[in-house]
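Sharing a sequence plus its predicted fold:
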Amino acid sequence: MGNDLKVNMNEYLPLRDVVFNTLRQAILKGELAPGERLMEIQLAERLGVSRTPIREAIRKLELEGLVLMIPRKGAEVAKISEKSLRDVLEVRRSLEELAIELACQRMTPEAVAELEMKQEQFRNAVLKGRPMDIAETDEAYHDVIYKGTCNDRLIQMINNLREQMYRYRLEYIKDEDKRQVLLLEHDNILKAVRQRRVDEAKVAMREHIDNQEITVSKNIKGQD
């Protein structure tokens with residue numbers, strides 16, 4: 001566990017939620033590494049809290065697929081496996097294709113302009129090269145598309161996958177060679193949306209997700 005693991009207190013959130021957010025971000029950022037054991041006592045001492053919010057946070061992280069409970073061993077950070085990657089991206093691919101189809105049909109000119117702005121922010125983040133900033137601006141770009149569908153149920157379903165998607169997104173972005181490809185993929189999606197070309201937008205989105213799966217899968221095999 002990294003020495004810089006700290007609780008960022010928030011007066012508007014219950015302690016259990018603050019602890020949960022702290023541990024979740026630590027897993028997503030790699031401060032708690034895949035396969036690392038999560039010892040309640042050690043985490044409680046490190047964060048300066050009791051074991052109860054730690055236990056509650058671990059239970060919620062297990063539900064999100066970020067933590068595994070191993071019999072007679074306890075909790076550990078879930079490893080990124082090829083199957084878990086495939087499971088998440090198969091669902092994401094279908095949801096993203098539906099989202100981009102609806103967005104092409106329903107986005108207002110103001111929403112398209114917002115997507116263009118988010119693409120510029122993403123481009124700037126890529127130039128600066130900080131993975132967390134790239135991941136956050138990438139997520140913001142896609143959020144505009146989701147909002148542009150005007151379909152609350154679809155947005156809810158995508159949000160349910162958000163944390164698991166974020167982990168794979170960050171893993172993909174760590175590969176510096178792929179960042180320019182990401183930029184081009186975003187440009188292709190944006191161009192298709194701007195021109196209201198539904199079929200082209202769906203193809204561009206499918207390639208975007210497929211390339212993520214290919215790259216992250218290769219990285220996983222390289223870690224074995």
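On my side now, so go ahead.

give the contact list for the residue positioned nearest the centre of the chain.
The centre of the chain sits closest to Tyr166, judged by C-alpha atoms, centre = their mean, with a distance of 0.9 Å. Contacts for Tyr166 (C-beta atoms under 8 Å, 6 or more residues apart in numbering) come out as Leu28, Ala135, Glu139. Using the backbone N, CA and C atoms, a C-beta is placed for each residue, glycine as well.

what about 6 Å?
Tyr166 is in contact with Leu28, counting by C-beta atoms under 6 Å, 6 or more residues apart in numbering.

Okay, and it sits in which element?
If you go by DSSP states H and E, Tyr166 is part of helix 152-173.

For this protein, just list every one of the helices.
Remark: helices assigned in the chain by DSSP state H are 15-29, 40-47, 51-63, 82-106, 109-128, 131-148, 152-173, 179-194, 198-223.

would JSON lines of these with distance to Ile70 and mean pLDDT be doable?
Below are these laid out as JSON lines (distance: least, C-beta to C-beta, whole Å; pLDDT from 0 to 100):
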{"stretch": "helix 15-29", "distance to Ile70": "16", "mean pLDDT": "88"}
{"stretch": "helix 40-47", "distance to Ile70": "14", "mean pLDDT": "92"}
{"stretch": "helix 51-63", "distance to Ile70": "11", "mean pLDDT": "93"}
{"stretch": "helix 82-106", "distance to Ile70": "16", "mean pLDDT": "93"}
{"stretch": "helix 109-128", "distance to Ile70": "37", "mean pLDDT": "97"}
{"stretch": "helix 131-148", "distance to Ile70": "28", "mean pLDDT": "94"}
{"stretch": "helix 152-173", "distance to Ile70": "19", "mean pLDDT": "85"}
{"stretch": "helix 179-194", "distance to Ile70": "35", "mean pLDDT": "96"}
{"stretch": "helix 198-223", "distance to Ile70": "19", "mean pLDDT": "88"}
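
Mind putting those into a markdown table with distance to Met69?
Output for the helices of the chain, formatted as a markdown table (distance: least, C-beta to C-beta, whole Å):
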| stretch | distance to Met69 |
| --- | --- |
| helix 15-29 | 15 |
| helix 40-47 | 12 |
| helix 51-63 | 6 |
| helix 82-106 | 15 |
| helix 109-128 | 36 |
| helix 131-148 | 27 |
| helix 152-173 | 17 |
| helix 179-194 | 35 |
| helix 198-223 | 22 |
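
Pro71: which of the ones you listed is closest?
Shortest distance between Pro71 and the helices of the chain, using C-beta to C-beta, is found for helix 51-63: 13.4 Å.

Just the buried residues of that closest one, please?
By neighbour count on 16 or more other C-beta atoms under 10 Å, the buried set for helix 51-63 is Pro53, Ile54, Glu56, Ala57, Ile58, Lys60, Leu61.

just checking, the first one touches Val19?
Same thing as Pro53. Yes - taking C-beta atoms under 6 Å as the definition, Pro53 is a contact partner of Val19 at 4.2 Å.

hang on, the earlier thing: can you show me the CA trace of the helix holding Tyr166 as PDB?
Written as PDB, here are the backbone C-alpha positions of helix 152-173 (Å, rounded to 0.1, in the frame of the first residue of the first chain):
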ATOM      1  CA  ASP A 152     -32.400   8.600 -18.900                       C
ATOM      2  CA  ARG A 153     -32.600   4.800 -18.700                       C
ATOM      3  CA  LEU A 154     -29.600   4.400 -21.100                       C
ATOM      4  CA  ILE A 155     -27.600   6.900 -19.100                       C
ATOM      5  CA  GLN A 156     -28.400   5.000 -15.900                       C
ATOM      6  CA  MET A 157     -27.200   1.700 -17.400                       C
ATOM      7  CA  ILE A 158     -24.000   3.300 -18.600                       C
ATOM      8  CA  ASN A 159     -23.400   4.900 -15.200                       C
ATOM      9  CA  ASN A 160     -23.700   1.500 -13.600                       C
ATOM     10  CA  LEU A 161     -20.700   0.400 -15.600                       C
ATOM     11  CA  ARG A 162     -18.800   3.600 -15.100                       C
ATOM     12  CA  GLU A 163     -16.300   2.600 -12.400                       C
ATOM     13  CA  GLN A 164     -15.300  -0.700 -14.100                       C
ATOM     14  CA  MET A 165     -15.100   1.100 -17.500                       C
ATOM     15  CA  TYR A 166     -12.900   3.800 -15.900                       C
ATOM     16  CA  ARG A 167     -10.400   1.200 -14.700                       C
ATOM     17  CA  TYR A 168     -10.000  -0.200 -18.200                       C
ATOM     18  CA  ARG A 169      -9.900   3.300 -19.700                       C
ATOM     19  CA  LEU A 170      -7.000   4.200 -17.400                       C
ATOM     20  CA  GLU A 171      -5.200   1.000 -18.300                       C
ATOM     21  CA  TYR A 172      -5.600   1.800 -22.000                       C
ATOM     22  CA  ILE A 173      -4.400   5.400 -21.600                       C
END
